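Undergrad: Take this sequence and fold it.
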Amino acid sequence: MSWIVKEIIELILDLPGDFASLAPGSTWILIISLALFALFCLLFAFVYIFAPLPRPPYASEVAYQTVKQDGTIISKRLPCWQDEWLAKQEKKVTDGSENTVDKAEVLVSMVVPAYNEEDRLSMMLEEAVEFLESEYPATKDAPTNNAALRKRNKPAQALVNGDDSSPTTTTTKDTARGWEIIVVSDGSTDSTISVALDHARKCKDLSGSIRVVALASNRGKGGAVTHGLRHVRGQYIGFADADGASKFADIAKLITATQSAEDEQGRAFAVGSRAHLVGSETVVKRSKLRNFLMHSFHILLRLLTPPATSRIRDTQCGFKLFSRPSLPFIVPHMHSEGWIFDVEMLMLAERAKIPMVEVPVGWHEVKGSKLNVVWDSLGMAWGLAILRMAWMLGVYQT
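TA: Below is the predicted model of the structure:
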């Protein structure tokens, strides 16, 4: 590096002599070029300073709690597909497996970020468990009501909720069946964890299906979701808000859309959307300020995001799902831990040329939102600008 610095200093010292020998037009071109270069350096430094850099997880955050069939709470280490993926990157594997992950152990994984959600989480979990167990049952002889999965009728050896000691046969081509819910308590200071474990105790016959992870401190919704996504075992991976605002049964629509959109590598991203509700009573009843900020943010998205992402009409719906082969192209490269993380996911999917499809889902307003309309809207605008510049300037790289 020292010789580079020396060359730069010598170049600067020689500039006065160079100016004298240049034609007037050439002098201005050089001045403008240097000014633009200096401006780029300042902009890069500014973005580098303010661009978010997620912290590594603490030791306590890579463990989960669940309830055994006898009702006792146990703690285990979380499986992590990303560790194996990172090992391949460090070894610079180039045999075609560098962007693959281990096989799914369950069919559906759902990540539920929760920050002080003791009043709303139980109802959401009740709806989710009832639907998942009826549509994607883990037990050997339980029938499935899901038409999309019944169509995939290629027999295969299956794992029952990730338990390889209980092999069975499934009517889908996937090698696993069943589901899991990973509740990520984002530094909650109330009884969120107890509520989640109490619900897991009610479902003790589905031992291990509900896993509760406690983050030591609040990271933001994006940080909680990303943390959960590093530890999923499913073939289809989604996330949903703890308030239960989205109609959970519409997860079947997201899975069907993902299956239809999968590319040769099996990658696809289904985006739950509330855009069809614009003009409905649910949206009209919102304050004029909230609707104004919503429309302003959509304009900003169209201006600052790449083409495929800008065409998504509702980037902020907390109900999304993608296939397992999509994971290494998105999750390891996430930086945003606040509300804007959804947009970064979409941008990463677009960058990797993962097919994206927007799917209308049911949704209703739920009281108790922690969103501060004004300040969080400004924060999302700021986060979007920094995020876009960080990727454009090379501060972030895949």
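Undergrad: Which parts of this structure are strands?
TA: In the chain, strands defined by DSSP state E lie at 63-67, 73-77, 106-114, 156-160, 163-170, 176-177, 179-186, 210-215, 234-240, 269-273, 319-323, 356-360, listed in chain order.
Undergrad: Send me the first one as CSV with only the CA atoms.
TA: To tie it back to what came earlier, the one meant is strand 63-67. Taking Å, rounded to 0.1, in the frame of the first residue of the first chain, the C-alpha atoms of strand 63-67 are listed here in CSV:
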residue,chain,number,x,y,z
ALA,A,63,-30.1,-22.2,20.8
TYR,A,64,-33.9,-22.7,21.0
GLN,A,65,-36.4,-23.9,23.5
THR,A,66,-39.3,-26.3,22.8
VAL,A,67,-41.6,-28.5,24.7
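Undergrad: need the longest helix for the chain.
TA: What stands out as the longest helix in the chain, according to DSSP state H, is helix 24-50.
Undergrad: quick one: average pLDDT of it?
TA: When pLDDT is averaged along helix 24-50, the result is 85.
Undergrad: For that helix, buried residues please.
TA: residue 47 (16 or more other C-beta atoms under 10 Å). Glycine gets a C-beta too; all of them are placed from N, C-alpha and C.
Undergrad: and if you look at stretch 50-61?
TA: Buried residues in stretch 50-61 (16+ other C-beta under 10 Å): 51-52, 57, 61.
Undergrad: Out of those residues, flag the one nearest to residue 218.
TA: Distance to residue 218 across the buried residues of stretch 50-61 (C-beta to C-beta) is lowest for residue 61, with 12.4 Å.
Undergrad: any chance of the strands of the chain in a markdown table, plus mean neighbour count and distance to residue 91?
TA: A markdown table is the format used below for the strands of the chain (neighbours: other C-beta atoms under 10 Å; distance: least, C-beta to C-beta, whole Å):
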| stretch | mean neighbour count | distance to residue 91 |
| --- | --- | --- |
| strand 63-67 | 20 | 27 |
| strand 73-77 | 11 | 23 |
| strand 106-114 | 27 | 27 |
| strand 156-160 | 18 | 28 |
| strand 163-170 | 13 | 27 |
| strand 176-177 | 28 | 27 |
| strand 179-186 | 28 | 28 |
| strand 210-215 | 24 | 28 |
| strand 234-240 | 26 | 25 |
| strand 269-273 | 25 | 28 |
| strand 319-323 | 26 | 25 |
| strand 356-360 | 18 | 31 |
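Undergrad: Helices of the protein, start to end?
TA: In the chain, the helices defined using DSSP H lie at 2-21, 24-50, 81-90, 121-135, 147-150, 192-202, 221-229, 251-261, 281-284, 288-304, 307-310, 327-330, 341-351, 373-393.
Undergrad: And these: which comes nearest residue 361?
TA: Each of the helices of the chain has some distance to residue 361 by C-beta to C-beta; the shortest is helix 251-261, at 6.8 Å.
Undergrad: May I have the closest one as CSV, with CA atoms only?
TA: The C-alpha trace of helix 251-261 is given here as CSV (Å, rounded to 0.1, in the frame of the first residue of the first chain):
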residue,chain,number,x,y,z
ILE,A,251,-49.7,-19.6,2.9
ALA,A,252,-51.0,-22.3,0.6
LYS,A,253,-51.4,-19.7,-2.1
LEU,A,254,-47.8,-18.6,-1.6
ILE,A,255,-46.5,-22.2,-1.8
THR,A,256,-48.6,-22.9,-5.0
ALA,A,257,-47.2,-19.7,-6.6
THR,A,258,-43.7,-20.6,-5.6
GLN,A,259,-44.0,-24.1,-7.1
SER,A,260,-45.3,-22.6,-10.4
ALA,A,261,-42.5,-20.1,-10.6
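Undergrad: What is the distance between it and the centre of its chain?
TA: Using C-alpha atoms, centre = their mean, to the nearest Å, the mean C-alpha position of helix 251-261 is found 17 Å from that of the whole chain.
Undergrad: now that helix and strand 106-114, what's the angle there?
TA: Following axes from the mean of the first three to the mean of the last three C-alpha atoms, to 10 degrees, one obtains 120 degrees for the angle between helix 251-261 and strand 106-114.
Undergrad: which residue packs closest to residue 385, ignoring adjacent ones?
TA: residue 304 (6.6 Å; C-beta to C-beta, 6 or more residues apart in numbering).
Undergrad: Can you give me the neighbour number for the one you found?
TA: 18 (other C-beta atoms under 10 Å).
Undergrad: what do you get for residue 379?
TA: Neighbours of residue 379 under the rule other C-beta under 10 Å: 15.
Undergrad: How much space separates residue 364 from residue 226?
TA: Distance of residue 364 to residue 226, given as C-beta to C-beta, to the nearest Å: 27 Å.
Undergrad: More neighbours: those two, which one.
TA: Neighbour tally, residue 364 and residue 226, criterion other C-beta under 10 Å: the higher count belongs to residue 226, 26 against 12.
Undergrad: Surely the more buried one touches residue 334?
TA: Yes: in terms of C-beta atoms under 8 Å, residue 226 counts as a neighbour of residue 334; the distance is 4.7 Å.
Undergrad: list the contacts for the residue nearest to residue 385?
TA: Taking C-beta atoms under 8 Å, 6 or more residues apart in numbering, we find residue 304 in contact with 384-385, 388.
Undergrad: Of the residues you listed, just say which sits nearest to residue 114.
TA: For the contacts of residue 304, the nearest to residue 114 is residue 384 (24.6 Å; C-beta to C-beta).
Undergrad: And for that closest one, the neighbour number?
TA: By the criterion of other C-beta under 10 Å, residue 384 has 22 neighbours.
Undergrad: how about it, what does it touch?
TA: 300-301, 304-305, 340, 343.
Undergrad: one more time with 6 Å
TA: Residue 384 is in contact with 304, 340, counting by C-beta atoms under 6 Å, 6 or more residues apart in numbering.
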